[in-house]
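[1] Sequence first, predicted model second:
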Amino acid sequence: MAAAKAGVRAARSVCEGLDGRRPPPRVTLEALEPSVEHGLFPSKSSVGERVVVSVDAFADGHDEIAVALRYGPAGEEPTEVPMHHEVNDRWVGDFRCDRMGMWELTVLAWMDRYATWRHDTAIKLAAGQDVELDLEEGAELLESAVRALPDAERAEAQHRVAGAVEALCSGDPAPLEDEELAAWMWANAPREPVNTWPVQQLWVDRPLARCSAWYEFFPRSTVEGGPARPHATLRDAVDRLDHIAEMGFDIVYLPPIHPIGRTGRKGPNNDPAGAPGADGSPWAIGASEGGHTAVHPDLGTVDDLVDLVRAARERGMELALDIAFQCSPDHPWVTEHPEWFRHRADGSIRYAENPPKRYEDIYPLDFDTADWRNLWQALHDVFSFWVERGVTVFRVDNPHTKPFEFWRWVIAELRAEHPELIFLSEAFTRPKVMHRLAKVGFTQSYTYFAWRQERWELEEYFRELSATAHYFRPNAWPMTPDILTEQLQHGGRPAFYTRAVLAATLCANWGIYGPAFELVENRPVREGSEEFLDSEKYQVRHWDLEQPHSLAPLLTALNRIRREHPALQHDRALHLHPTDSDDLICYSKRADGLGGSDDLVLCVVNLSSSERRSGWVHLEAEGLGLEPGREVVVRDLLGRDEYRWTVGANYVELDPGNLPAHVFSVTVPEPPAERAD
């Protein structure tokens with residue numbers, strides 16, 4: 001009974017909220033996409049990218065309906081375009097954004113009296129029925145549309161429809177076929193009552209946010225040689241940029257460059273006892289030399305960082321800084337703002353723990369502090385400090401350990417002045433937490449890619465990522481300084497090769513921890529651990545980049561392929577094709593009109609690091625946008641071989657010791673010209 005009464009109250013409230021001068025809208029709108037949490041958060045796009053909007057729109061009866069899409073930069077007059085019916089009451093429209101910042105979109109729907117008249121009258125005419133009155137009714141619809149216009153527009157409109165009105169009144173049905181007239185009526189005829197979806201926001205980034213290749217390196221490890229000069233500087237790091245640029249990377253990412261605390265400083269291999277002269281972890285931020293806006297004195301100065309930013313840009317790359325909001329016990333904030341930290345029962349500040357692990361060299365910030373407003377502002381000012389010095393890309397360490405609302409606020413504040421900023425979320429945490437961080441504003445997000453290794457795991461995971469691409473931009477990393485998977489430890493160079501191909505082609509954004517990755521560094525600190533032996537996190541390393549087993553040629557080829565093929569530059573058109581081997585994964589990506597291209601790329605990868613695999617891949621017509629049985633030419637962009645395949649079953653064989661993967665460009669040959677007799 002209570003539920004029934006509640007339903008009656010809800011129905012009455014709807015009626016009471018209506019304008020008594022007109023009936024309620026008859027067109028129902030449901031399931032609009034893209035929409036994030038029913039409009040609570042903006043969806044994402046980028047300059048030049050196609051935004052596809054779809055909605056369920058339907059009404060009672062058999063009359064025709066009209067559905068319109070409105071969009072544009074927030075605060076400006078919107079553009080309105082018709083949406084078209086696809087199937088089962090699903091309507092679709094699209095547009096492209098030409099500038100960064102916040103955009104808005106909405107959908108409107110109404111009963112289309114003119115379209116209904118055209119549809120019904122055409123059927124009657126084809127059936128040989130008398131349509132004299134119907135034609136007169138069409139003329140009245142045209143004239144009523146003119147009468148409803150403002151005075152300033154009425155004379156021109158009257159001239160526009162006069163010929164059609166005269167024809168219809170004289171019994172001539174020709175205006176039924178006038179598509180330009182129909183478009184004019186769609187835009188100008190009265191629409192009341194109209195149903196309007198609540199305005200949805202869309203954040204538009206620059207193209208680098210949609211597609212990027214990241215290269216991470218520790219600047220203190222950029223001098224080749226022995227212990228005579230173990231610690232490099234930011235000026236030394238400039239010399240590494242040419243090598244990275246030649247491989248085609250877009251973003252050079254530096255772990256924290258700040259002074260490292262001395263209290264609790266870790267030694268090599270995370271030795272809690274430390275050692276005299278230990279380099280320490282760059283994530284133990286802050287010492288007497290300064291905190292988050294200072295540079296480690298052994299690395300150089302803030303001006304040196306500015307010069308490194310400039311040098312990267314001169315080579316076509318951007319510099320990303322690591323933002324890790326945590327402090328060493330020696331950070332200036334510990335004495336200046338002890339209220340920003342959590343204290344133990346004995347009055348000491350609580351260091352970071354992930355039981356049973358202890359991090360005596362790090363104090364986490366207390367976001368429940370009563371002084372939270374000043375803490376938030378101080379963290380905002382850290383970003384602003386580096387933005388003012390030319391940094392526009394940030395990799396954020398462990399954002400899942402800070403409040404979601406802090407990130408929502410600080411990212412919005414920073415973007416209000418600098419819409420070009422890019423924020424990469426490093427959050428290897430629970431899925432819902434990762435996705436919430438993307439919703440509150442992070443541009444890109446680390447993923448579980450490193451641990452998705454079997455074919456079924458990869459397929460399931462990337463289907464999931466494709467479904468959330470309107471707000472969650474995945475960034476695939478085969479390894480990080482914290483993650484050396486068992487597969488890489490035991491799979492050798494073939495495992496590194498295949499993981500690079502998968503990351504670079506499954507995701508529009510990808511990154512490597514180099515030079516460890518390019519030099520196939522795979523020694524764990526101990527069996528069963530994912531930590532590196534002699535990890536750069538705790539000590540300076542020296543790398544010989546000229547090793548013959550280097551993956552630099554592969555990385556160069558992958559980044560070149562990504563630049564040349566728009567199909568690999570977004571995450572919205574991935575299709576997974578069946579194979580008859582669990583070790584063979586096959587997938588395609590289409591450009592989907594990006595840059596006006598119809599580019600199509602097809603990848604086949606052998607997931608076994610030790611065994612040759614062969615079998616049949618079954619190319620599905622839907623994923624390729626081609627009809628079944630159609631012949632295609634596939635050219636291997638890694639091996640340069642060329643084959644003629646069909647949309648259907650095709651044989652493939654891949655050897656991990658030689659070429660573990662195909663990355664094919666797909667073209668459709670022109671059918672042979674008919675011979676004239």
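    Arrived safely. Residues are numbered from 1 along each chain as shown.
[2] residue closest to the middle of the chain?
    Nearest to the mean C-alpha position of the chain, counting by C-alpha atoms, centre = their mean, stands residue 473 at 2.4 Å.
[3] any idea how far that one lies from residue 399?
    Residue 473 sits 15 Å away from residue 399 when distances are taken as C-beta to C-beta, to the nearest Å. The C-beta positions use only the backbone N, C-alpha and C, and glycine is treated the same way.
[4] ditto for residue 235
    Residue 235 is 31 Å from residue 399, by C-beta to C-beta.
[5] okay, the two: which has more neighbours?
    residue 399 (27 against 16; other C-beta atoms under 10 Å).
[6] doesn't residue 424 make contact with the more buried one?
    No - Residue 399 is beyond contact range of residue 424, at 9.6 Å (criterion: C-beta atoms under 8 Å).
[7] how about low-confidence regions in this protein?
    Scanning the chain with the threshold set as pLDDT under 70 gives 1-21, 224-229, 672-677.
[8] residues touching residue 588, list them.
    Taking C-beta atoms under 8 Å, 6 or more residues apart in numbering, we find residue 588 in contact with 574-575, 577, 600-603, 619, 623-624, 666.
[9] redo that, cut-off 6 Å
    575, 602, 623-624 (C-beta atoms under 6 Å, 6 or more residues apart in numbering).
[10] how about those residues in a markdown table, adding distance to residue 348?
    Listed next are the contacts of residue 588 as a markdown table, based on distance: C-beta to C-beta, whole Å:
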| residue | distance to residue 348 |
| --- | --- |
| 575 | 56 |
| 602 | 60 |
| 623 | 59 |
| 624 | 63 |
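[11] Could you give the number of residues near residue 450?
    Per other C-beta under 10 Å, the neighbour tally for residue 450 reads 22.
[12] Tell me who's in contact with it.
    483, 485.
[13] three-state assignment of it?
    Here residue 450 is helix, with the state taken from DSSP: H, G, I helix; E, B strand; the rest coil.
[14] Can you mark which positions in stretch 554-565 are buried?
    554-555, 557-559, 561-562, 565 (16 or more other C-beta atoms under 10 Å).
[15] Show me how far that stretch is from its chain's centre.
    Computed by C-alpha atoms, centre = their mean, to the nearest Å, the chain-centroid distance of stretch 554-565 equals 19 Å.
[16] got the CA positions of it in PDB?
    Presented in PDB, the C-alpha positions along stretch 554-565 are these (Å, rounded to 0.1, in the frame of the first residue of the first chain):
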ATOM      1  CA  LEU A 554      61.500  -2.000 -32.200                       C
ATOM      2  CA  LEU A 555      60.500   1.000 -30.000                       C
ATOM      3  CA  THR A 556      61.400   3.300 -32.800                       C
ATOM      4  CA  ALA A 557      59.400   1.300 -35.300                       C
ATOM      5  CA  LEU A 558      56.300   1.100 -33.000                       C
ATOM      6  CA  ASN A 559      56.300   4.800 -32.400                       C
ATOM      7  CA  ARG A 560      56.700   5.500 -36.100                       C
ATOM      8  CA  ILE A 561      53.800   3.200 -37.000                       C
ATOM      9  CA  ARG A 562      51.700   4.900 -34.400                       C
ATOM     10  CA  ARG A 563      52.400   8.400 -35.800                       C
ATOM     11  CA  GLU A 564      51.700   7.200 -39.400                       C
ATOM     12  CA  HIS A 565      48.400   5.400 -38.600                       C
END
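[17] Nice, that's everything, thank you.
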